[in-house]
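**Student:** okay, predicted coordinates and the sequence, questions at the end:
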Amino acid sequence: MTRVGLLLAALLAFVALPFVATNYGLYRLNLMAINLILAGGLDILTGWTGQISLGHAGFAAIGAYASGLAILHLGVPFWLATPLAALFCAAVSLIIGAPALRLSGHYLALATFGFGEVVQLTIVHWESLTNGPRGLAIPAPDLGSVRLDTDRSLYFLIIPVTAVLMRLAWNLSRSGMGLALLSIRMSELGASSVGISLPRYKTLAFAVSAFYAGIAGALFGGMVKFVEPGAFSVAQSILYLTMIAVGGMRSIPGAIIGVVLLTLLPEILRGLQQYMELGYGLLLLTFIIFVPEGIYGRVRRWRSHAFPAPSAARA
Amino acid sequence: MFLDLLISGLLAGSLYALVALGMVVIFKATDVVNFAQGEMVMAGGYLGYLFRNVLAWTWTTTILAVLACSLVLGLLLERVANRPLMRAQSFTVIVASIALGIILRNIARVIWTDEVYALAPVLSGQPVARLAGVRLTAQNLFVLLSAVALVAALYGFFQTKLGKAMRAVQQNRTGAELVGIELPAIFALTWGISALLAGAAGFLLAPLVGVSPAMGWIAVKAFVAAIIGGFSSIPGTIVGGFVVGVVENLAGGYISTAMKDIVTYAILIGVLMVRPHGLLGQGLARRA
């Protein structure tokens, strides 16, 4: 099939799907798309640059609360509040990341670990603004006069936004900046010896990933119309890390596999709720030790063995 | 008021320092920040509860058994989550330790649920001494003295031949291998000692906060203490533990209880901004 044909088929499937799928199916799809935005953004930082963030749920929380509060109290329209909240996340990431990323080593993991907790604590205790642990009701998103209050209408907002953001992430990874990030992951010493500014690129990658998390948070708030601090724990941040580690880092199909798997897993194993987190831990440990390239990386390797391409020197 | 807060801060600080020292020991040998340290502390708490409350052993046997089991746990964890990754990037090892922490915490949660078990203090909670009007209980003194004794033992250990081999590995891994030091043995030993420190801290912490899967929370405070020490200097880490303990207690007492945790992170971010190499020592930042 040609490229155009594939694209048309995808477009057709995209338009047809909401008329076939159930509401709950669409809700899950939307949720996966939002998780994909977050995981894809985290991949830029973790997969490409080799930096660990344990605070991405914190950025999602800031995105959700900042956009929600801007809509509620300042009357900012949804389409403006979402990118503004994401930009705010990126700004916050500079404050957190700048001191930690000037250093080599894994200071970012430590700093973001604390950051995720601070965000939760702040939301819980700043009751006058956030309504504390009781949570905050957020109005349904609207675009002009169109209110997006059904799962189907949200689908037509969330899926295209996700597609665009993933495309941008893909472009970024293929650009000079993507190569710079990759070289940092491979060897910080090597990267800096060819003139790549480590603090600059690491901070940039962190800011981009925080921006993605902010968008995801704002969309999540708009979709469930209610946010509470418990939804954005450090455990949640680690779950995103698990998603990209299991699916396969440095690839969008990998992120999709990880997100779908770990979003559906709780549904499949519904009766085993108390073993869920244990399962995540085992999954993460198993993959990081035995399948560090993730599911998609493994599949790609098998495929290249079966059908060796003439230019097999892909990274 | 001030002295009360200061004393309870120093008390908490001595435990933070113990846990942080365990992290620093692992970091120095393997270049990895162990995110499962808090769960090793938790294990110490559960072991103490098991031996004392369930099996009703004497305190001496309980303490020895907690230390021995913690050591074995450390060796085991090293074998499972660190040894296979000895030549892997530190990124991989860190993520593995995060996973290890989740696994340990949830094993505890599956077996004992989220319930908080009470472990009686070793010595009575009655005040035995007065220090400038502040009452000190025998248990308080026991915690402080145990922490001091463990740190002293750690110092002593570093002077032995085995301790020197460990320091050699810290300084130059290849060099140490060249002179015949067995890397796997040293790594196992490192994790064992680290887990022993953590287990002891968990045993001492348990009477104060109860035994529960959430005990590992202390690791966050210990991280900050270790960062103040630049993740390298032992005196710096001890000072760091006390700084965190005292500052959080003062903030909790004078500002609000909500500030108690937030101020810890303020210190964390602050130290990373102003003195990333730690207050004392050079820290990991200098390494390329």
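**Tutor:** Perfect, thanks for sending it. Numbers count the residues shown, from 1 in each chain, chains lettered A, B, ... in the order given.
**Student:** what does the stretch 51-200 of chain B have sitting close to chain A?
**Tutor:** B:81, B:84-85, B:88-92, B:94-96, B:98-103, B:105-107, B:109-110 (CB under 8 Å from any CB of the partner chain). Any C-beta I mention is one placed from the backbone N, CA and C, and that applies to glycine too.
**Student:** sec struct for residue B:242, please.
**Tutor:** Of the three states, residue B:242 takes helix under DSSP: H, G, I helix; E, B strand; the rest coil.
**Student:** so what's it scoring on pLDDT?
**Tutor:** With respect to pLDDT, residue B:242 scores 93.
**Student:** just the one 4 residues further on next, same as before
**Tutor:** Among the per-residue scores, residue B:246 holds a pLDDT of 93.
**Student:** let me see the ranges of the helices in the chain.
**Tutor:** I'll assume chain A. Secondary structure of chain A (DSSP state H): helices at A:3-20, A:23-43, A:56-74, A:78-101, A:107-125, A:127-130, A:151-174, A:176-186, A:188-193, A:198-224, A:234-247, A:252-268, A:276-290, A:294-306.
**Student:** the chain in question should be chain B.
**Tutor:** Using DSSP H, helices in chain B cover B:2-30, B:37-49, B:59-77, B:90-112, B:138-159, B:161-171, B:173-178, B:183-209, B:218-228, B:234-254, B:257-274.
**Student:** got the angle for the fourth one vs helix B:218-228?
**Tutor:** Translated: helix B:90-112. Orientation check (axes from the mean of the first three to the mean of the last three CA atoms, to 10 degrees): helix B:90-112 against helix B:218-228 gives 150 degrees.
**Student:** one step back: can I get the helices of chain B in CSV with mean neighbour count?
**Tutor:** Below are these laid out as CSV (neighbours: other CB atoms under 10 Å in any protein chain shown):
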stretch, mean neighbour count
helix B:2-30, 24
helix B:37-49, 28
helix B:59-77, 18
helix B:90-112, 21
helix B:138-159, 16
helix B:161-171, 16
helix B:173-178, 13
helix B:183-209, 24
helix B:218-228, 28
helix B:234-254, 22
helix B:257-274, 18
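**Student:** nearest to residue A:151, out of the ones you listed?
**Tutor:** For those, the distance to residue A:151 is smallest for helix B:90-112, at 31.7 Å, taking CB to CB.
**Student:** what's the angle from the closest one to helix B:2-30?
**Tutor:** 120 degrees.
**Student:** which elements pack onto helix B:90-112?
**Tutor:** If you count contacts as 3 or more CB pairs under 8 Å, 6 or more residues apart in numbering or on different chains; DSSP states H and E, helix B:90-112 packs onto helix A:234-247, helix A:276-290, helix B:37-49.
**Student:** 6 Å instead, please
**Tutor:** helix A:276-290, helix B:37-49 (3 or more CB pairs under 6 Å, 6 or more residues apart in numbering or on different chains; DSSP states H and E).
**Student:** how about the CA coordinates for the longest one, as CSV?
**Tutor:** Presented in CSV, the C-alpha positions along helix A:276-290 are these (Å, rounded to 0.1, in the frame of the first residue of the first chain):
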residue,chain,number,x,y,z
MET,A,276,-1.3,-4.5,40.9
GLU,A,277,1.6,-2.3,42.1
LEU,A,278,3.7,-5.4,42.8
GLY,A,279,3.1,-6.5,39.2
TYR,A,280,4.3,-3.1,37.9
GLY,A,281,7.4,-3.4,40.0
LEU,A,282,8.2,-6.9,38.7
LEU,A,283,7.4,-5.9,35.1
LEU,A,284,9.8,-2.9,35.3
LEU,A,285,12.6,-4.9,36.9
THR,A,286,12.2,-7.8,34.5
PHE,A,287,12.2,-5.5,31.4
ILE,A,288,15.1,-3.3,32.5
ILE,A,289,17.3,-6.3,33.2
PHE,A,290,16.3,-8.8,30.5
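**Student:** which secondary structure elements does it sit against?
**Tutor:** Using 3+ CB pairs under 6 Å, 6+ apart, helix A:276-290 sits against helix A:234-247, helix B:90-112.
**Student:** and the shortest one, how far out from the chain's middle?
**Tutor:** When distances are taken as CA atoms, centre = their mean, to the nearest Å, helix A:234-247 is centred 10 Å away from the chain's centroid.
**Student:** that one to helix B:218-228, inter-axis angle?
**Tutor:** Using the same axes, to 10 degrees: helix A:234-247 against helix B:218-228 is 80 degrees.
**Student:** list the contacts of helix A:234-247.
**Tutor:** Under the criterion CB atoms under 6 Å, 6 or more residues apart in numbering or on different chains, residues A:38-39, A:42-43, A:47, A:54-57, A:116, A:254-255, A:257-259, A:262, A:280, A:283-284, A:287-288, A:294-296 lie in contact with helix A:234-247.
**Student:** just give the number of residues close to residue A:85.
**Tutor:** The number of residues packed near residue A:85 is 27, by other CB atoms under 10 Å in any protein chain shown.
**Student:** so how far is chain B from it?
**Tutor:** Distance check for residue A:85 against chain B: by CB to the nearest CB, to the nearest Å, it reads 22 Å.
**Student:** test my guess that that residue contacts residue A:66.
**Tutor:** Yes: assessed by CB atoms under 6 Å, residue A:85 is found in contact with residue A:66 at 3.9 Å.
**Student:** pick out the residue nearest the middle of chain A.
**Tutor:** residue A:38 (0.9 Å; CA atoms, centre = their mean).
**Student:** okay, the nearest residue to that one once chain neighbours are set aside: pLDDT?
**Tutor:** With sequence-adjacent residues excluded and distances taken as CB to CB, 6 or more residues apart in numbering or on different chains, residue A:38 is closest to residue A:216, at 4.1 Å. Among the per-residue scores, residue A:216 holds a pLDDT of 97.
**Student:** number of nearby residues for residue A:216?
**Tutor:** 34.
**Student:** doesn't residue A:59 make contact with it?
**Tutor:** No: Residue A:216 sits out of contact with residue A:59 when judged by CB under 6 Å, with a separation of 8.4 Å.
**Student:** and the stretch 51-200 of chain A, which of its residues are near chain B?
**Tutor:** Within reach of chain B by CB under 6 Å from any CB of the partner chain, the stretch 51-200 of chain A has these residues: A:99, A:100, A:103, A:105, A:106, A:110, A:111, A:114, A:118, A:121, A:125, A:189.
**Student:** kindly recompute the last result at 7 Å.
**Tutor:** A:52, A:96, A:99-100, A:103-107, A:109-111, A:114, A:117-118, A:121, A:125, A:189 (CB under 7 Å from any CB of the partner chain).
**Student:** ok, residue A:289 - contacts?
**Tutor:** Contacts for residue A:289 (CB atoms under 7 Å, 6 or more residues apart in numbering or on different chains) come out as B:84, B:85, B:96.
**Student:** from residue A:282, how far out is it?
**Tutor:** Distance of residue A:289 to residue A:282, computed by CB to CB, to the nearest Å: 11 Å.
**Student:** cool, residue B:12 as well?
**Tutor:** From residue B:12 over to residue A:282 the distance is 33 Å, taken as CB to CB.
**Student:** okay, the nearest residue to residue B:167 once chain neighbours are set aside: pLDDT?
**Tutor:** For residue B:167, ignoring the flanking residues on the chain, the nearest one in space by CB to CB, 6+ apart is residue B:158 at 6.3 Å. Looking at residue B:158, its pLDDT is 85.
**Student:** pretty sure residue B:158 sits against residue B:168.
**Tutor:** No: between residue B:158 and residue B:168 there is no contact under CB atoms under 7 Å: 11.1 Å.
**Student:** which residues touch stretch B:208-224?
**Tutor:** Counting by CB under 7 Å, 6+ apart, A:110, A:114, A:117, B:15-16, B:19-20, B:23, B:37-39, B:41-42, B:45-46, B:49, B:101, B:105, B:108-109, B:114-119, B:202, B:205, B:240, B:244, B:264, B:267-268 sit against stretch B:208-224.
**Student:** now the residue lying farthest from the centre of chain B: how far from chain A?
**Tutor:** Within chain B, the residue lying farthest from the chain centre (CA atoms, centre = their mean) is residue B:178, at 31.6 Å. Applying CB to the nearest CB, the value for residue B:178 to chain A is 22 Å.
**Student:** in the stretch 1-150 of chain B, what spans have low per-residue confidence?
**Tutor:** In the predicted model of the stretch 1-150 of chain B, residues B:124-134 satisfy pLDDT under 70.
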